[in-house]
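Enquirer: missing the sequence, but the structure's below:
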Ligand code: SF4
Ligand code: SF4
């Protein structure tokens, strides 16, 4: 046993309202500078949809992540042999147009144009070339456009669904979507680190944050290919790759990362999880159907004396172990078994987990007579003559999940390497909490029924209360349990943080790279 | 003429080597941030492929070839003594020369016509490309017009280069060489001179060490085994990575 500590995250998708506040917080803090305009270390995409960069999940195109190779694993599109062979030209790397060409508008023209017959306009100009351009694509181009043929229908996760299932999904009356906020997963078996020929990328031993040393990166661009989540980005101006740094200067100071701190829906949780580093390779190499179980298996119980002892041997501070015991992420992922990793089949062992969304799965349209309601409206209000209701009631016990209007297989392709059982289990838990709370607060459900659903999914009323609290009422300190950085032990941590904070984003102590003289 | 020759083939090489060594070491140690291949594949990938790949593989082979002849002139002369082997040898070298030339021309065309690539072009990029272009044209010209380049190199130039490195420069063989070859030599030292000031730095940091390291890199700020051990003063343990 080799216990290490990892700062891990849980995103509760039922709560995400798709407001993009997180993306903006991140952009303003880190990537609002030349060469990084197109980067969204935090992005929120609409699912079904192609995402950012387009079709990033399709590893036939981008060759990200690991694949099985005999008993072990090998990087799919990079690594020692493939990487060095393709170092001059990396055939699977996304290019700027797969993201979008960054642009701004010539706002000054609105003010400074000479008087004339026409209104002055602010033309869009490229932030790369400075020349006027036609905008073909931008951040969140597919926001909420779940049904459009260019986006939702091109979602790579639909590939394994039958045509009938797909058609059903896109019937106007049944259409649904949800938001998927994404940041770097700070994986246990990161493809990006493994693919970097220069050795510029590394995982921090103390908290597991994955970083790129800007002084060592040489622009070989392999991480961009090897990260299956496309969360390592190439800065075209500095000739260096960059990625989410999990706001480590904030974490070291005890603050939550900017995206989490600002999250309007309060969907984000952060805490320590202790894991067994000895088993990383073994777990990443198991067959696909066992991946999720094994992944959850190396996340260790922070109350187990053996685990604590091994953690101490590795220099993990008592305060960190205590943080692991209070960790909201440990609770969601392990204790209650409600969260799942995104695309476990990429085999990087991501440490960002998602509580799958229940609403788009279970809500349905019901035929109702709305005429009585319409009569109450006065003359000036808009009248709808639809006869349907968006029904999210919990009348039917598990029926709504079984006959989900959003194919469970789709969710399973995202969150459980294709196994619908695991997603269903999580959704049932979400539903049971809802039924239990409905009995308590509304009272139109019998106690007997509420208790039955809880025991069906193996939760006690106490656990249900706890889940309810952490989901709906949790305060800042409940959602973010960030251990002290113990900088008294690591002066270099403090120096770097102080030096680099407030300068040009991060890591730049000097001017940007000189391209020759 | 002898004064010019002494400058070009004695003084200039030493200047170039000196500037290269001091400059490259200074640039590398002062800030790794300024050492990068500055790839532009991200801005334009399709066209670049047809330029980058023939250019790089070609120049790699040619550089190694030159290095080999420089190091083992006798072996090369013995090899070249058989006409069939000589022709094959020259043919292969010329083919790679052409591949570099074609690749470079395409890359320059791409740089001149693609606005995104222009946005990341510096003056030095253009200087380097022009020098490389003339160097390759000269090289191909030598291969074609002054048979046989590889034997020339082995017989005359290798001893000259050795004399430079042995700090006992002897340019007697150089004076009578055709102007094309002289220009090729001067061009080579110019490229060497410009390495620290240009993106050419990147070939000095070619990542062969990748082959010998484990895939995953984990870094610790402190020695994780010693930090909580009461018998040690942790300060005495420098962090040990991995
Ligand atoms: S999500 Fe991508 S960039 Fe982040 S650690 Fe994993 S492989 Fe690396
Ligand atoms: S800020 Fe929170 S709620 Fe808003 S889009 Fe981001 S994750 Fe979703």
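Expert: Arrived safely, thanks for sending. Quick caveat, the model's predicted, so the values are computed rather than measured. Residues are numbered from 1 along each chain as shown, chains lettered A, B, ... in the order given. Ligands and ions are numbered 1, 2, ... in the order given.
Enquirer: Would you mind listing the outside residues contacting the host helix or strand of residue A:294?
Expert: Taking DSSP states H and E as the definition, one finds residue A:294 inside helix A:291-297. With Cβ atoms under 8 Å, 6 or more residues apart in numbering or on different chains as the test, helix A:291-297 has contacts from A:282-283, A:286, A:333-334, A:337, A:340-341, A:344-345, A:347, A:349, A:416-417, A:419, A:422. The way it works is simple: take the backbone N, C-alpha and C, and place the C-beta from them, glycine included.
Enquirer: Can you find the helix or strand in the chain with the smallest mean pLDDT?
Expert: The chain I'm using is chain A. helix A:491-500 (a mean of 44; mean pLDDT, DSSP states H and E).
Enquirer: meant chain B, my bad for not saying
Expert: One helix or strand of chain B scores below all others by mean pLDDT, DSSP H and E: helix B:149-152, with a mean of 80.
Enquirer: Distance from the chain centre to stretch A:216-233, please.
Expert: Taking Cα atoms, centre = their mean, to the nearest Å, the mean C-alpha location of stretch A:216-233 is offset from the chain mean by 18 Å.
Enquirer: That stretch: end-to-end distance?
Expert: 16 Å (Cα to Cα, to the nearest Å).
Enquirer: what's the answer for stretch A:249-267, then?
Expert: 22 Å.
Enquirer: dump the residue contacts of whichever residue of chain B sits closest to ligand 1.
Expert: Ligand 1 sits closest to residue B:216 of chain B, with a gap of 10.8 Å, by Cβ to the nearest ligand atom. Going by Cβ under 8 Å, 6+ apart, residue B:216 touches A:189-190, A:193-194, A:203, A:280.
Enquirer: Might you specify the subset of the residues you listed located within helices?
Expert: Using DSSP state H, the members of those that fall within helices are A:193-194, A:280.
Enquirer: Report pLDDT for the residue of chain B closest to ligand 1.
Expert: Listed pLDDT for residue B:216 reads 93.
Enquirer: Ok, the one 3 residues further on next?
Expert: We have a pLDDT of 85 for residue B:219.
Enquirer: Tell me where chain B has strands.
Expert: B:218-219 (DSSP state E).
Enquirer: ok, how many other residues are close to residue A:472?
Expert: Using other Cβ atoms under 10 Å in any protein chain shown, residue A:472 has 11 neighbouring residues.
Enquirer: quick one: secondary structure of it?
Expert: What DSSP: H, G, I helix; E, B strand; the rest coil gives for residue A:472 is helix.
Enquirer: which residues touch residue A:242?
Expert: Per Cβ under 8 Å, 6+ apart, neighbours of residue A:242: A:31, A:36, A:39, A:41, A:212, A:214, A:232-235.
Enquirer: element containing it, please.
Expert: Going by DSSP H and E, residue A:242 is in strand A:240-243.
Enquirer: And for residue A:454?
Expert: Counting by DSSP H and E, residue A:454 is part of helix A:447-457.
Enquirer: Who are the packing partners of that helix?
Expert: Judged by 3 or more Cβ pairs under 8 Å, 6 or more residues apart in numbering or on different chains; DSSP states H and E, the packing partners of helix A:447-457 are helix A:420-441, helix A:461-468.
Enquirer: Looking at these, which is nearest to residue B:159?
Expert: Residue B:159 sits nearest to helix A:420-441 of all these, at 73.4 Å, using Cβ to Cβ.
Enquirer: Could you see whether ligand 1 lies near stretch A:225-232?
Expert: Yes. Using Cβ under 6 Å from any ligand atom, stretch A:225-232 reaches ligand 1 at A:227, A:229, A:231-232.
Enquirer: farthest pair in the residues you listed?
Expert: A:229 and A:232 (8.7 Å).
Enquirer: Looking at the two, which is more packed in?
Expert: Taking neighbours as other Cβ under 10 Å, residue A:229 and residue A:232 compare with residue A:232 leading, 29 against 23.
Enquirer: Let me know the pLDDT of the more buried one.
Expert: Reported pLDDT for residue A:232: 96.
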